[in-house]
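[1] Kindly generate the corresponding structure for this input.
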Amino acid sequence: MNEDLDETYGRRELAKDENTAPEVLARLAEDDDWRVRINVAENANTPVDTLCELSKDNDWHVRMKAAENYGAPSEILCRLAKDNCLWVRAEVAYNINTPAEVLCRLAEDEHWIVRQNVASNTNTPAEVLCKLAGDENKYVRANAAVNVNTPVEALRELVKDKEYFVRKAAQTALSYRPNTDPKFDYER
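    Residues are numbered from 1 along each chain as shown. Down below sits the predicted model:
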């Protein structure tokens, strides 16, 4: 497929180039080489309909890159949030365009990496961040600590966390919040 495209430039490079015409990206999205399709999926100028097709690709790497694309509409992100692949769901959780209701659902994911990305997302509602601040996984708690939307009350609890780096992250976050006392004992 796409053998007529300039092979000296390379299909992968062409798929990656943000100046590539949308109709060429649409053709490259059908390429037999999954690495070409990955580059199309992560290209910021890939048309939404092409991105939608790539989000249904058999290769999870391609679906993951479609979920990572900030041009992905909420319909794609909602569908990919149910993907069987952990890495696809993790990218949906990290995407700033993922709707809050999807982030709420992903906050319950069995894999801590997905929950960690939900905790990082600035669209995650405060009540979900409070819940993630109490997660069993230290990386999830640390990411909740550095999210600008985590309520001060949750940060004050995280300052007492058993893990030093979680305490330190909460302490640092509190130091940037107005009208809070950043002097907590986080070095216990």
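[2] Let me know how buried Ser74 is, in neighbour terms.
    Counted with other C-beta atoms under 10 Å, residues neighbouring Ser74 total 13. In this view, the C-beta of every residue, glycine as well, is placed from N, C-alpha and C.
[3] just checking, it touches Pro99?
    Yes - counting by C-beta atoms under 8 Å, Ser74 touches Pro99, with 5.1 Å between them.
[4] gap between the residue sitting nearest the centre point of the chain and Asn19?
    Centroid-nearest residue in the chain, with C-alpha atoms, centre = their mean: Tyr94, separated by 1.7 Å. With distances taken as C-beta to C-beta, to the nearest Å, Tyr94 is found 26 Å from Asn19.
[5] what's the neighbour count on the closest residue to Trp34 other than its chain neighbours?
    In space, and not counting its chain neighbours, Trp34 is closest to Asp59: 4.6 Å by C-beta to C-beta, 6 or more residues apart in numbering. Number of residues near Asp59 (other C-beta under 10 Å) recorded here: 15.
[6] Would you quantify the distance from the residue nearest to the centre of the chain to Asn137?
    16 Å.
[7] which residues touch the residue nearest to the centre of the chain?
    Glu68, Asn117, Ser120, Asn121 (C-beta atoms under 8 Å, 6 or more residues apart in numbering).
[8] How about Arg35?
    So Arg35 contacts Arg12 (C-beta under 8 Å, 6+ apart).
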